[in-house]
Every structure is written in C-alpha cells, then in structure tokens.
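Novice: Would you be able to build a 3D model of this:
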Amino acid sequence: MTDADHRPEGDPTPNSNPARPISYAVLRRPYETFLQRLAAPVRDELLGLGVRRQVPAGQIVIHEGIRESHLVLLEEGLTKVTASLPDGRSALLSLRVGGDLVGEMSALNDAPRSATVTTCGPARYSVIQPDRFKRFLKEHPDAAVELAAMVSDRLRWSNRRRIDFTSYPVKLRVARVVAELCRTHGRQGTDGIIIDVRLTQPDLATVCGASETSIQKALRELRTDGLVDTDYRRITVRDLASLRKLGNLESSDD
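Specialist: Next up is the predicted model:
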C-alpha cells in the first residue's frame, strides 16, 4: 500500500463525463459491498444521486475531525481508512473498495469525521449530500435495512479485532487478518491467493495490534511453515486452509 502523505489537497476534479454509465462488473469483489447488497434498480438510483469525481493516488476524500456530512460512494479503486493515535502515528482501521460506502456515520449523526479515508491508487467516487441520501433511504426501506446490516458487519469486524488483540498471540492474529484479506481482497494466482493490497508492515502491525518487530517474526514463521510468501508489499497465501486452521477460523467466519 502506498504510504501517501496525508496533506489535504484541493477539491478533486469532477469527472469530465458525469453521465457516463458505470459498468457494475468493475465493482464486484469477493465480499458484499453496499452496492452489491442492493437490487439493480435501487443501485442505479443511488449511483445517480451524487457528483462524480476522479482522483489520483494519495487523495484524502474524508478528513478525520472535520465536521462535514456528505457521504462518499466508492465506484472504482482502493482506499484505506486510518485514525490518529495519541503518539502521532496513524492506525490502519480498514480497507474500502469500489462499491463501498464511507462517511455514513457523520451523514446520519452530524458528528465530526471519526477517520481519514485516502485513495491508494487512482479512484472514482460519488459525493452524495446527506439530505438526498436520507430521502433515498425513506423511499427505499430495503436499502435502509442493508445500510444497518453493513454498519453491523463493520462493528462486528471491529469487535473481533479487539477480541483478537487480547485472546490470540501475534502469529495467530496475523494468520486471521491475512486469511480475511484473502476473502476480501484476494485473487487466485498460479502459486496461491495473491492479496491485491499493498500493505506495509506498519499497516499490518496496526491492524493486528502488534509491533512491527512482532509482525516481522510472525511473517517469517508463516513463511517457514510454507503458508505464505511475502514480496515487496505483497502477500501470497500458499495454503489458505492451513492458515485458517492456524487462526482458529471456521468456514462460516466472516
């Protein structure tokens, strides 16, 4: 993952062809994004609510601590969600891809942003004003239910991370996180499942709640066990079944 500097930039350039239809095929991922949860007509209506923007890597699309209430519907690209730690570092909270919705909490409760969202590569997204989104939810109760389900899933993921921090040694935490990344951001390669996210070791350390030294040791042991290969900011999982078994993950775990 690119270590983009987090300086605020000017307003992104709007898409020069905002009416250009979006091929939903590019939004499909191995897990359900918010768009994938919606029926096709409802999804198309949501895609038409916002103003489209196309931005390069390293662009901050949501700033932590700012009081603003628009939502961002990612259409293409990968973003990272980070939050500031008391010591000045940034903690990687999650990754979001095309089809995901971000900024929904501030849109619904009018509170300051709880995290920063930064593009990891070129990205396209729509900016949706909260009044339009709330009207959309009233007109489409099923979408409101799916929004609640999405928020619930994210809360469940966060709670699981907290439990992992206290219940499992670092090696098992790494195994669990890497196995989950296979599900959400992996693709089948000739030598195994390639995680298409350029994660740095500091990024992985913050997700796992461990030091970089501990992460290096855990990855070295996983390589020795023949479970993973690591390259420059890339992980290839050679034996996902054994990795999941090591991480005490059942087939029904999300």
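
Novice: all helices in this protein, in order from the N-terminus.
Specialist: Using DSSP state H, the helices found in the chain span residues 34-37, 40-47, 104-109, 130-139, 141-167, 170-185, 201-208, 212-224, 240-246.

Novice: mean confidence for the second one?
Specialist: Put plainly, it is helix 40-47. The average pLDDT for helix 40-47 rounds to 94.

Novice: pLDDT on stretch 101-116, on average?
Specialist: pLDDT averaged over stretch 101-116 gives 91.

Novice: For the residue lying closest to Gly189 once chain neighbours are set aside, give the beta-bridge partners.
Specialist: Excluding its sequence neighbours, the residue lying closest to Gly189 (C-beta to C-beta, 6 or more residues apart in numbering) is Thr236, at 6.5 Å. All C-beta atoms are positioned from the backbone trio N, CA, C, and that covers glycine. Applying DSSP bridges to Thr236 gives these bridge partners: Ile194, Asp229.

Novice: and Thr236, how many neighbours does it have?
Specialist: 17 (other C-beta atoms under 10 Å).

Novice: ok, it to Arg53 distance?
Specialist: Separation of Thr236 from Arg53 (C-beta to C-beta, to the nearest Å) stands at 33 Å.

Novice: hang on, the earlier thing: pLDDT value on the residue nearest to Gly189, please?
Specialist: Thr236 is given a pLDDT of 93.

Novice: who are the neighbours in contact with it?
Specialist: Thr236 makes contacts with 189, 191-195, 228-230, as judged by C-beta atoms under 8 Å, 6 or more residues apart in numbering.
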